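>>> Please find the sequence and the predicted model below.
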Amino acid sequence: MAQEVLPQLLEQRVIRYQPPLKREDLEALIEKHKPGWGKRADERRAEFVEAQKFAENSSIWSEVKPVYMALQYNKCIYCERVLGAELTGKSEHDVEHFRPKGRVLKWPYPSRKPRVSYDYDTGPGSATGYYWLAYDIENFACSCKGCNSDRKRDYFPILRTRGGATMTITELNSSESPLLLFPFGANGDDPDAFITFTGVLAQVHPTARKDDRNRAQVTIDFFSLNDREELLADRARVIREIFKTIRLSQDPDPAMRASAERDIKIMTSDASPQAACARAYLALAKAEPQKAWEIYVDIDRYLTPRAR
Ligand SMILES: [Zn+2]
């Protein structure tokens, strides 16, 4: 991506915090990165719509992967893990289709998620999937292999009715009520409104409404946000660092305090790893310092053997 475009876009906090990235801005970024790609994508979409299915020998979405990587600060859209950067790290990112392009399988799949069940239906499967969205730029995001290949696969749980062919993303969102959060673009969700953290553990935000609570819980279950050691360790390291920086922000030396306050801002900004967890811990440290201390002690114990 052209270096002169990125800084101003990164200012927009585009992992669907405010303001969300508009479709035309995303189109412009893609055109700048890969001139003519949008036209080629449109031609492919027309073929799939004509055939009423997704079928092609080789895909072209990886050509625009760096645009998404940069917009997401090289983090996975679902789990906030930091992945490789554009120069040598592209292979760590999958271009993920939020709505599956070729088919939809029923989720939860009992043999893969035996402990997960809900008192509501999570939608039927679909033999054709969302073939008309295979090249929709608002149906793409970058994700890690743990989230995409191991978990997302061809699943797309919904709360209401599975949408029909050629419906737009806006129409689909309103008729389907997707159960997974998708924190990207103008149609995306603000994850901070759905999910918060206590220590390293993700939990449904206490102020979320009923349907939103379902979405938050399914997203936590679906991506195993509380069962993956790489995520727990990442969050633990972030909390340990922020705890120590908060202490430094009370140092008698004003230069040290200023430096610590700047670091806290960076650690809780979208560009940093596990930023949602960092923000939740900072809020806890202000509201309930004793609880924050207890969490820190647990985390320090958890991390120490790994440092040997
Ligand atoms: Zn991930």
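Cool, got the structure.

>>> Could you measure from the residue lying farthest from the centre of the chain over to the ion?
Within the chain, the residue lying farthest from the chain centre (Cα atoms, centre = their mean) is Pro252, at 39.0 Å. To the ion, Pro252 is 41 Å away according to Cβ to the ion, to the nearest Å. Every C-beta, even on glycine, is put in place using the N, C-alpha and C of the backbone.

>>> Next one: Thr245 relative to Lys291, how far apart?
Look at Thr245 and Lys291: by Cβ to Cβ, to the nearest Å, they are 18 Å apart.

>>> okay, those two: which has more neighbours?
Thr245 (18 against 13; other Cβ atoms under 10 Å).

>>> any idea which helix or strand carries that one?
For Thr245, the element it lies in under DSSP states H and E is helix 229-248.

>>> For that helix, buried residues please.
231-232, 234-240, 242-243, 245-246 (16 or more other Cβ atoms under 10 Å).

>>> That one packs against which elements?
With contacts defined as 3 or more Cβ pairs under 8 Å, 6 or more residues apart in numbering; DSSP states H and E, helix 229-248 has these neighbours: helix 254-267, helix 275-287, helix 289-307.

>>> mean pLDDT for those helices: which is lowest?
Lowest mean pLDDT within the helices and strands packed on helix 229-248: helix 289-307, a mean of 89.

>>> Residues in contact with that helix: which ones?
Contacting residues not belonging to helix 289-307 are listed as Thr198, Gly199, Val200, Ala233, Ala236, Arg237, Ile239, Arg240, Phe243, Tyr281, Leu284, Ala285 [Cβ atoms under 8 Å, 6 or more residues apart in numbering].

>>> Likewise for stretch 198-211?
By Cβ under 8 Å, 6+ apart, the residues outside stretch 198-211 that reach it are 159, 177, 192-197, 212-213, 216-217, 220, 225-226, 231-232, 235-236, 239, 277, 280-281, 284, 295, 298-299.

>>> Good, wrapping up.
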